[in-house]
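Engineer: sharing a model that was predicted from the sequence below.
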Amino acid sequence: MSVDTRKETRGFQTEARQLLHLMIHSLYSNREIFLRELISNASDAADKLRFEAVSNNALYEGDGDLKIRISFDKDAKTLVISDNGIGMTRDEVIDNLGTIAKSGTAQFMQNLSGDQKKDAQLIGQFGVGFYSAFIVADRVVVTTRRAGAAAEEGVRWECSGDAEFDIETVEKVDRGTRIELHLKDDAVEFADSWRLRSIIKKYSDHIAIPILMPKQSPLGEDGEVESEEEAVNTATALWTRSRGEVSDDEYKEFYKHVSHDHTDPLTWSHNRVEGNLDYTSLLYIPARAPYDLYNRDASRGLKLYVQRTFIMDDAEQFLPLYLRFIKGVVDSNDLSLNVSREILQKDPNIDSMRSALTKRVLEMLSKLAKEPENYSKFWKEFGQVLKEGPAEDFANREKIAKLLRFSSSFTDKADQDQSLDDYVSRMKEGQEKIYYIAAENFTTAKSSPHLEVFRKKGIEVLLLSDRVDEWLMGHLSEFDGKSLQDVGKGELDLGKLDSEEDKQAQEKIAEELKPLLDRVKTALDNEVAEVRVTHRLTDSPACVVVADHDMGAQMRRILEAAGQNLPESKPIFELNPEHPLVKKLEEESNEARFTDLAHVLFDQANLAEGSQLADPAAYVQRLNKLLLELSN
């Protein structure tokens, strides 16, 4: 196979140039982060070599001692980070270094806010850690050769932080990657042994292969200074150490390594399981959501090792989709070293580990829930994703339900900070159901006419306004032995909260108003399924109600916006016989005016629950006509 030996100059993508410009102008608030990023990349290269060498030991080329080397020259203002990991081919260099975050650059640029601190937090999510080198360097030279390739197939990539980069084929005897940074005048501090060692200990002590730096030994026999190397880091996989040996700072830095997130996690759990299965897990709950959280097809999962050998970055089989925000590592002794994605899906040990790890995450969340401030942070970032849980994980439905949070009619805040346990603890004597309402937003839910009778009787209603809420409640029909009821659906039955006298009075009124109900049904023609007397309203003249087994208004709006064809569904129209407008309607003898007033009441009821009118112009005309008649 012929080798492309050309030296060529290429340009970055337009979006990549913009992003590179931001990197050069110090999006990272702490410049020393660049070293963590480059060491992390070198560690990943070593992991990938180990994985490929499981089936092809020749890739080691006789050198299985994986390491990262760091050297510097203060006079020349250079810093070199090299590894003997997997390395890259020419095409891989172009793909990986010629395109910044090729799968997400456009979305990254859309997310930039202009606030350097906020924008800095986005960087790691888009795989652009390598470009942090340009924060301290005005020229970067990368020399690399892929393991198993011939020495003459090495590649040199060079860039000065502008719109172009040079790439050429060179000879490189040893496999792996060498990154040479030509430091800026204001970054010479990083060509210093003490400074580099302190950064490595701070950020990269957990790296599982040795990070070597030169140490100056005493004068040798010939009077010359002999240069030796020593490991600066612990060089032991952090998850293999006992919890007592690992500090909180080490756990936090390891999280940043596996997640490429630059903020500290909310909490973590480090656990060793021995018995029928033998594995170690280190799981983290992040403090903020990644940009692609709501893309259910995006890469996700834990970093998988088998007997401390790296297998894959995104092992999605160990946690359900609704827990896709969890980061961490799982290292098993019970999976075959030639494990592949297909085998993972079929291995019975995976199912057992998945069940146990899911329960551990739910336990972590239950513990976090006892810290209201931290749990509030978690809920704002990941609450809507956790709401997918009851539909996807029937076995843990009750545990997930305890972790859910909602707004309440008992507060004026839109904050979702009320649990189902909180609600149950406040239920009135004789109350048998948990009541909720789903609406387009908090304000619509809070002001819904459906809540009027509940306010009158002092009964709490949960206010649901997330897009996923109605779908959630379709799979969460019960909690703590109590059924959940949508107050905007079906017949309202308050059970023991209504007296027998109230029920008899309601039946009597319904019978007396039957002629009016029939007239309204005729006037509204085919727009409603039924017209009946309401038991929900105290202040409003009318409301619309969804039949028990019909899709709720919120879900219909979501599916219609997505272009879904939905079965026809007519609402139930309820009238409040005590309201002056309904009394006026009952007394109206002019059929044309009666029809106009009935339509106005119906349209107002639809508006009150957040629906769009089928014919807004007709509503305005009828309303104007009635107003003019009143003014004459």
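Structural biologist: Thanks, I have the structure now. Residues are numbered from 1 along each chain as shown.

Engineer: helix or strand with the lowest mean pLDDT in the chain?
Structural biologist: Of the helices and strands making up the chain, the lowest-confidence element is helix 116-123, at a mean of 47, by mean pLDDT, DSSP states H and E.

Engineer: for A315, grab the count of nearby residues.
Structural biologist: Here the count is done by other C-beta atoms under 10 Å, and A315 has 20 residues near it. Where C-beta positions appear, they are placed from N, C-alpha and C, glycine not excepted.

Engineer: let's verify the nearest residue to it once chain neighbours are set aside: helix, strand, or coil?
Structural biologist: Distances taken as C-beta to C-beta, 6 or more residues apart in numbering place L304 nearest to A315, at 3.8 Å, with adjacent residues excluded. Secondary structure, DSSP: H, G, I helix; E, B strand; the rest coil: L304 is strand.

Engineer: so how far is D83 from L304?
Structural biologist: With distances taken as C-beta to C-beta, to the nearest Å, L304 is found 21 Å from D83.

Engineer: go on, G64?
Structural biologist: 14 Å.

Engineer: show me which of these two is the more surrounded one.
Structural biologist: D83 (27 against 12).

Engineer: got the buried residues for the one helix or strand K367 maps to?
Structural biologist: K367 is part of helix 348-368, with elements assigned from DSSP states H and E. For helix 348-368, the neighbour count (16 or more other C-beta atoms under 10 Å) marks 349-350, 353, 357-358, 360-362, 364-365, 368 as buried.

Engineer: and of these, the nearest to A592?
Structural biologist: Using C-beta to C-beta, L365 is the member of those that lies nearest A592, at 60.4 Å.

Engineer: isn't the closest one right next to L404, touching?
Structural biologist: No - assessed by C-beta atoms under 8 Å, L365 is found out of contact with L404, at 10.6 Å.

Engineer: hey, what's in contact with both of those two?
Structural biologist: Common neighbours of L365 and L404, using C-beta atoms under 8 Å, 6 or more residues apart in numbering, are L386.

Engineer: what sits up against stretch 251-261?
Structural biologist: Contact with stretch 251-261 is made by 36, 40, 43, 121, 124-125, 127, 129, 202-207, 238-239, 262, 264-265, 268, 270, 282, 284, 286, 288, 290, 303, 327-329, as judged by C-beta under 8 Å, 6+ apart.

Engineer: quick one: distance of the helix holding K367 to the chain centre.
Structural biologist: Put simply, helix 348-368 sits 18 Å off its chain's centre (C-alpha atoms, centre = their mean, to the nearest Å).

Engineer: do stretch 286-296 as well
Structural biologist: Worked out by C-alpha atoms, centre = their mean, stretch 286-296 lies 2 Å from the chain centre.

Engineer: so which bits of it are buried?
Structural biologist: Per 16+ other C-beta under 10 Å, stretch 286-296 contains these buried residues: 286-290, 292-293.

Engineer: which one among the residues you listed sits at the bottom for pLDDT?
Structural biologist: Scanning the buried residues of stretch 286-296 for pLDDT, the low point is D292. It has 78.

Engineer: which residues touch H599?
Structural biologist: Contacts of H599 (C-beta under 8 Å, 6+ apart): 523-524, 618-619, 622.

Engineer: just put these in TSV and tack on neighbour count, distance to R532 and secondary structure.
Structural biologist: Output for these, formatted as TSV (neighbours: other C-beta atoms under 10 Å; distance: C-beta to C-beta, whole Å; DSSP: H, G, I helix; E, B strand; the rest coil):
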residue	neighbour count	distance to R532	secondary structure
A523	20	15	helix
L524	17	13	coil
A618	14	24	helix
Y619	18	23	helix
R622	19	23	helix
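
Engineer: next, give me the two most distant ones among the residues you listed.
Structural biologist: The two members of those with the most space between them (C-beta to C-beta) are A523 and Y619, at 14.5 Å.

Engineer: thinking again about what came up before, narrow the contacts of stretch 251-261 to those in helices?
Structural biologist: Within those, residues falling in helices by DSSP state H are 36, 40, 43, 121, 202-203.

Engineer: circling back: next, format the buried residues of stretch 286-296 as a markdown table and append distance to E501.
Structural biologist: Below are the buried residues of stretch 286-296 laid out as a markdown table (distance: C-beta to C-beta, whole Å):
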| residue | distance to E501 |
| --- | --- |
| P286 | 56 |
| A287 | 55 |
| R288 | 55 |
| A289 | 52 |
| P290 | 57 |
| D292 | 58 |
| L293 | 52 |
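
Engineer: beta partners of V80?
Structural biologist: Assessed by DSSP bridges, V80 has beta-bridge partners S71, E180.

Engineer: so who does it touch?
Structural biologist: Counting by C-beta under 8 Å, 6+ apart, the residues that V80 touches are 69-72, 178-181.

Engineer: which helix or which strand is home to A76?
Structural biologist: According to DSSP H and E, A76 maps onto no helix or strand at all.

Engineer: how much space between it and S247?
Structural biologist: A76 sits 36 Å away from S247 when distances are taken as C-beta to C-beta.

Engineer: next: A395.
Structural biologist: Where S247 is concerned, A395 sits at a distance of 36 Å (C-beta to C-beta).
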